[in-house]
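> Got a sequence here, can you build the structure:
(chains A and B)
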Protein chains: 2
Amino acid sequence: MKRALMLLGVCLLVPAVIFGCRREDVDTSGQPKEAQEESSDEGAAPAGGAVALSGSAEEIAASRGLSPTDIENAVRTYTPSGKLDDYVMFASGGHGGQVLVVGMPSMRLLKLIGVFTPEPWQGFGFGAESTMNVLKGGDTPSKPLRWADTHHPSLSETNGEYDGQFLFIGDKANSRVAVIDLRDFETKQLVKNPIADIDHGGTFVTPDTEWVVEGGQYAQPMGGGYAPLEEYNDKYRGHITFWKFDRARGRIDIAQSFAIEVPPYWQDLCDAGKLASDGWIFCNSINTELATGKNGPDGVNFESGASQNDMDYMHAVDLDKAAEVAKGAQTTKVNDFTVIPLQVAIDEQILWFIPEPKSPHGVDVTPKGEYITIGGKLDQNATVYNFQKIKDAITAGEWDTDPYGVPVLPFDKVVEAQVELGLGPLHTVYDDKGYAYTSLFLDSAVARWTLGGDYRQDGAEPWKLVTKTPVQYNVGHLAAAEGDTASPDGNYLVSLNKWAIDRFQNVGPLLPQNFQLINIASPGENMPVVYDMPVGVGEPHYAQIIKADKLKAFEVYPEVGWDPETMAKSANAITSEDQVRVERDGNNVEVWATAIRSHFTPERIELKQGDNVTMHITNLETQRDATHGFALSAYNINLSLEPGETETIKFVADVPGAHPYYCTEFCSALHLEMVGYMLVEPSQTAAR
Amino acid sequence: MKRALMLLGVCLLVPAVIFGCRREDVDTSGQPKEAQEESSDEGAAPAGGAVALSGSAEEIAASRGLSPTDIENAVRTYTPSGKLDDYVMFASGGHGGQVLVVGMPSMRLLKLIGVFTPEPWQGFGFGAESTMNVLKGGDTPSKPLRWADTHHPSLSETNGEYDGQFLFIGDKANSRVAVIDLRDFETKQLVKNPIADIDHGGTFVTPDTEWVVEGGQYAQPMGGGYAPLEEYNDKYRGHITFWKFDRARGRIDIAQSFAIEVPPYWQDLCDAGKLASDGWIFCNSINTELATGKNGPDGVNFESGASQNDMDYMHAVDLDKAAEVAKGAQTTKVNDFTVIPLQVAIDEQILWFIPEPKSPHGVDVTPKGEYITIGGKLDQNATVYNFQKIKDAITAGEWDTDPYGVPVLPFDKVVEAQVELGLGPLHTVYDDKGYAYTSLFLDSAVARWTLGGDYRQDGAEPWKLVTKTPVQYNVGHLAAAEGDTASPDGNYLVSLNKWAIDRFQNVGPLLPQNFQLINIASPGENMPVVYDMPVGVGEPHYAQIIKADKLKAFEVYPEVGWDPETMAKSANAITSEDQVRVERDGNNVEVWATAIRSHFTPERIELKQGDNVTMHITNLETQRDATHGFALSAYNINLSLEPGETETIKFVADVPGAHPYYCTEFCSALHLEMVGYMLVEPSQTAAR
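Sure thing, here's the model as predicted:
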């Protein structure tokens, strides 16, 4: 009765448009209907044909110095208020340790997903138990790790097509892999590779996402042991790790995962075969010279020592066979992780080497799986291998071996074509019109060239450079719309440029990177840059682009009391304020609390210094965008409670005082009044 | 001799375009000249008049469903590759704890500045001593704090105009203030307010940046003590804190700073007087009801209890007088911080209250300082006060007092106008045409209205609503170009909307915010939204917009060996590889190292487990954008070494192994070869 009066009281005190009263009658935004009309709808587009451009647009363009080409690019990319983008790009955040979500063609940053680095806006790593558990999964036995160098995001696939369910991404700096659930765009799992400090070639998935591939990089004694560099050839080793993905659980199954020991070359990027090459994995390598760097005045710098060979070795792995061997007795355990020893991999014909020119980076399987393209950064060609020829060479038994006894297939027998493109070929992606696109780091350009075989178009000469588009500047990877699938879309390509130099307003000595959107919808030489997107957070390495309509994210959590860790209703959820309670057992205090516009319940929590506090907070909201924050000053805690979410925090009440907790997300007109006090009474005996 | 041969060796081995050899002959980007031509220059704009729009642009617009208005908006905001934005907006990152730097009118995120939250891409808080010292400055005596709820960025001013030198920003969650140096866009100082856990009204600067103002928020026992809420009226207090800024040092001088004790209302936003009101500070407040929240089934929720009064109290502070008193014997010390007690503030006529309608948020001084506008969120008016009338009322001596004895000036005597605008007026900004703009949270609209007095334009009726533009949705603050200065620019206004709902592609239950760019260049009713910018990182509260040409950031650091902490050459810098060395003294090891494309020197560092390691690394580069990273796997260390920068890291070598360190910033074609090994030999006795 008192409760009912109180609610009534609020409604009388405050205009009814303020959230909280009669929510069912109030529009989510609390605004009158006319405010919801799209402001961009004045003068609707006709059903077909060209839009008559106003004289006003022409004058604006002139006053801003825009050329006709600029105007075309403007109308190709501008996305009016409320109109949705056609594609979504997932880009690594590089050493920001995050993932960037970008709408295309507008090239707007829709979200930064906290992955390896704590991110307080999302409540990722600031007390929310679901996220603390995720971060702990990525720790080493001796150290918590709270940043990463994220490199290669990989969307989950079904039958070689992006299915919009999960995103994986690797951490080069500490050899880790993350799993993001695309229902809520949150990170669900970090796994630390127990056998290595570092990787590079991760992540890449197999066509049905059974395996997530992580190639190594700088060789180390396997498992993190110590050995002097004088014993490099004998004691140091590389790895390629295969993480088993359990799609039903949405988690990597570490017990079913394994690695293959490989020679101490520096493994680099990988790609999974598909269709014609399904069941195989291809990784490239550098430093087949086994350089160990410059020691004081002696020796040779790595940049020189690791760049001397004309050919490095592509590693081709028979994954189906490896997975069988991994279940058997020929494996060893390194830090409790299953490893196929190098000699076993050789004996069982799991591992094959293929010469590849020179300091390669990208290794990119064509959409149907018949070819693999290598870009050797110190070469001028894209080198294309034919998978059938690789199989034939294996069958023919004509191979040499490297110093470790790994069979090396003859280059001339397995290569299909070499296409001269320019300086610094790095990474190749594909479209739907029989073209490949290769980034040229040193040329600062993107090359379009024709594929042969079944990709050959009428009248097109195969394996031939068509055109190059200059980019600004020094492009690393490329991303094409649905480009890593069995059926690329074409239309758009993004050039992930490493240097921006003069492209943007000066913001100090640390410059943004530059994502350039390239329109590849037209054939032939017409392949213009249409948009420059500065990336002033992180340094993206790789990206994948999915059709937006494949993503089926939750708008709000399916029911009130949702635990984002289990993706099910939490046992600690409460679903109404009537269930709010505080229970004390000795110095253990447990609180079940709620948040709804515009108050927490309870608004007072009385503790004694030294209490062990567990607090479950449920956001009772069911309307889209009705997120509440929960900040507890002085305890480093901030939660982001999306509609329906339940979170748990645990802390020792070791700082006495009258501490406000408040909502950090501006949720309503009375948002500032959404506050409570946590009163921690000092104890004479407890140390402050 | 050996060295010279080696360098020659690299040049022979590797094409000369690769960085590192003969840098002076090689273009920064390593690319041929043609690659540097702007791709957008095909078809240059004529010198004057309208641009002839191509049929192609009209077809593209039609195919994308763009209306003529959309096309106008596209050409008004689209900024071609290499063309620079006209304005730069600095927005708080909300509970992301960062600052966002946005180019306008393109609305592109140029940079995210790490402020309170560690950010590894920038090397902020991941081992770099200069940044670790900054973060430590923001800690409490009992806890490191590693996130923040940033609210109000404030650009430094000279004569009431933005001078482009510094940016300040407050942390609501822990009552802290940050100083960012706009020469390198890096955070130089965090200060923790010793007397409070929490604030809201920070930061705002005085017209010559002598003081940085921080208003409090939720009242507490001053200094962080404990008192039960039953003693709220007597034991809890608010504060307004004045941080003294030492421009020459670029630091806040804590010893010269002070606070004023105020009653336990919840102080909120502040603004500094200027010109007519120079030397005064205005802050508003809520919860003059002294509500203490709902305790279990009893009591009244804050949202109701703190919303009952028709009037709250604007706090007007005579800062010149307060600064004098702060130097004298009437002050007290709370946690060693100077505080003017409430009674002293009353007795010395420092503090005045002015009734303000109802749950106000913004308090906004007009460009010339004559008026102060209040938006009461539960009111329908903007309420305008006349500063001369405030002074006259003080002189007249006609005031009441509040329960704490603070003089309350009569509303009717000091108000100039009340302008009916709509539901939820929140924050007001100004332009150059005599208009004010007020955000309406509940209406989801921006109101344009006419000022009176000297701002009145020919024929315009003063103090009158002109038009409202709907925004999507629920706008908090506004930012106008140069809007908080003595001479606003007009042209552009940004609506910082809290809810996005249906504006963007779905990225899960946590939605981006929506910055809407509004063109305010035309007078009267024409005030359209021209661009929607999703903000998917943090929740910006407030922003300021400066003319881009006022910013004079470094392109590279002025000399090799620059210490960003002291903004001078580091004593630990070395300027060539000849000076590289490792010195050991017992188990203390000190390393002086260098980075340049594409190697570190040294490439091997030999340690014993348990060594105390200090390492100074200098980036020898002098070319723009030639940043190197330095990641030390397994030690949670990542540096961002901008051209010329010297950084120091310190760590205990407690994890044995052969740990690679490598460059995390893709710097050259041989970037992957930029690596070294830190060899930590295990000790039998040292604990792992």
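> For A:Pro228, see how far away the closest residue to A:Glu681 other than its chain neighbours is.
Nearest residue to A:Glu681, sequence neighbours excluded (C-beta to C-beta, 6 or more residues apart in numbering or on different chains): A:Lys608, at 5.1 Å. All C-beta spots, glycine's among them, are computed from the backbone N, C-alpha and C. A:Lys608 is 55 Å from A:Pro228, where distance means C-beta to C-beta, to the nearest Å.
> what sits against A:Val99?
Contact analysis of A:Val99 by C-beta atoms under 8 Å, 6 or more residues apart in numbering or on different chains lists A:90-93, A:112-113, A:115, A:150, A:153, A:167, A:169, A:180.
> Quick check: it is in a strand.
Yes: counting by DSSP: H, G, I helix; E, B strand; the rest coil, A:Val99 falls inside a strand.
> give the contact list for the residue nearest to A:Glu681.
Counting by C-beta under 8 Å, 6+ apart, A:Lys608 touches A:587, A:653, A:680-681, A:683.
> Looking at those, which are in strands?
Counted as lying in strands by DSSP state E, out of the contacts of A:Lys608, are A:680-681.
> Buried ones only from the contacts of A:Lys608, please, as a PyMOL command.
The buried residues among the contacts of A:Lys608 can be selected in PyMOL (16 or more other C-beta atoms under 10 Å in any protein chain shown) with this line:
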select buried, chain A and resi 587+653+680+681
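> can you list contacts of whatever helix or strand A:Leu110 lives in?
Per DSSP states H and E, A:Leu110 falls inside strand A:108-114. Outside strand A:108-114, the residues that touch it by C-beta under 8 Å, 6+ apart are A:79, A:85, A:88, A:93, A:98-103, A:119, A:122, A:124-125, A:131, A:180, A:185-187, A:537, B:109, B:504-505, B:507-508, B:510, B:512, B:533-537.
> hang on, A:Pro540 packs against A:Leu100?
Yes: counting by C-beta atoms under 8 Å, A:Pro540 does reach A:Leu100; the two are 6.2 Å apart.
> Looking at those two, which one has more neighbours?
The neighbour count for A:Pro540 versus A:Leu100, taken as other C-beta atoms under 10 Å in any protein chain shown, is higher for A:Pro540 (31 against 26).
> Identify the residues contacting the more buried one.
A:Pro540 neighbours (C-beta under 8 Å, 6+ apart): A:91-94, A:100, A:496, A:513, A:515.
> Report the contact partners of A:Gly125.
Contacts of A:Gly125 by C-beta under 8 Å, 6+ apart are A:114, A:117-119, A:131-132, A:135, A:146.
> any idea how far it is from A:Ala486?
According to C-beta to C-beta, A:Gly125 stands 37 Å off from A:Ala486.
> all strands of the stretch 1-150 of chain A, in order?
A:87-92, A:98-104, A:108-114 (DSSP state E, counting those that start in this stretch).
> can you redo those strands as JSON lines with mean pLDDT?
Formatted as JSON lines, the strands of the stretch 1-150 of chain A follow (pLDDT from 0 to 100):
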{"stretch": "strand A:87-92", "mean pLDDT": "98"}
{"stretch": "strand A:98-104", "mean pLDDT": "98"}
{"stretch": "strand A:108-114", "mean pLDDT": "98"}
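> Now do the contacts for the most centrally placed residue in chain A.
The centre of chain A sits closest to A:Pro153, judged by C-alpha atoms, centre = their mean, with a distance of 3.8 Å. Residues near A:Pro153 by C-beta under 8 Å, 6+ apart: A:90-92, A:99, A:167-169, A:203, A:542-544.
> can we see that at 10 Å?
A:89-93, A:99-100, A:113, A:115, A:167-170, A:178, A:180, A:202-203, A:479, A:540-544 (C-beta atoms under 10 Å, 6 or more residues apart in numbering or on different chains).
> count of neighbours near A:Val475?
Other residues near A:Val475 come to 31 when the count uses other C-beta under 10 Å.
> Now do the residue lying closest to A:Glu606 once chain neighbours are set aside against B:Gly293, distance only.
In space, and not counting its chain neighbours, A:Glu606 is closest to A:Leu679: 5.0 Å by C-beta to C-beta, 6+ apart. The gap separating A:Leu679 from B:Gly293 is 11 Å, by C-beta to C-beta.
> got it, and A:Ala571?
From A:Ala571 across to B:Gly293, the span is 28 Å (C-beta to C-beta).
> More neighbours: these two, which one.
B:Gly293 (23 against 10).
> and the gap between that one and A:Asn619?
Distance, B:Gly293 to A:Asn619, using C-beta to C-beta: 19 Å.
> So what are the sheet partners of the strand holding A:Leu110 and their directions?
strand A:98-104 (antiparallel) (DSSP bridges).
> now the strand it pairs with and strand A:87-92, what's the angle there?
Strand A:98-104 and strand A:87-92 are oriented at 160 degrees to each other (axes from the mean of the first three to the mean of the last three C-alpha atoms, to 10 degrees).
> Quick one: distance of strand A:98-104 to the chain centre.
Mean-position distance between strand A:98-104 and its chain equals 9 Å (C-alpha atoms, centre = their mean, to the nearest Å).
> could I get that strand in PDB with only the CA atoms?
The C-alpha trace of strand A:98-104 is given here as PDB (Å, rounded to 0.1, in the frame of the first residue of the first chain):
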ATOM      1  CA  GLN A  98      39.800  -4.300 -28.600                       C
ATOM      2  CA  VAL A  99      37.600  -4.900 -31.600                       C
ATOM      3  CA  LEU A 100      36.200  -2.100 -33.700                       C
ATOM      4  CA  VAL A 101      32.700  -2.400 -35.200                       C
ATOM      5  CA  VAL A 102      32.200  -0.100 -38.200                       C
ATOM      6  CA  GLY A 103      29.100   0.500 -40.300                       C
ATOM      7  CA  MET A 104      29.700   0.600 -44.100                       C
END
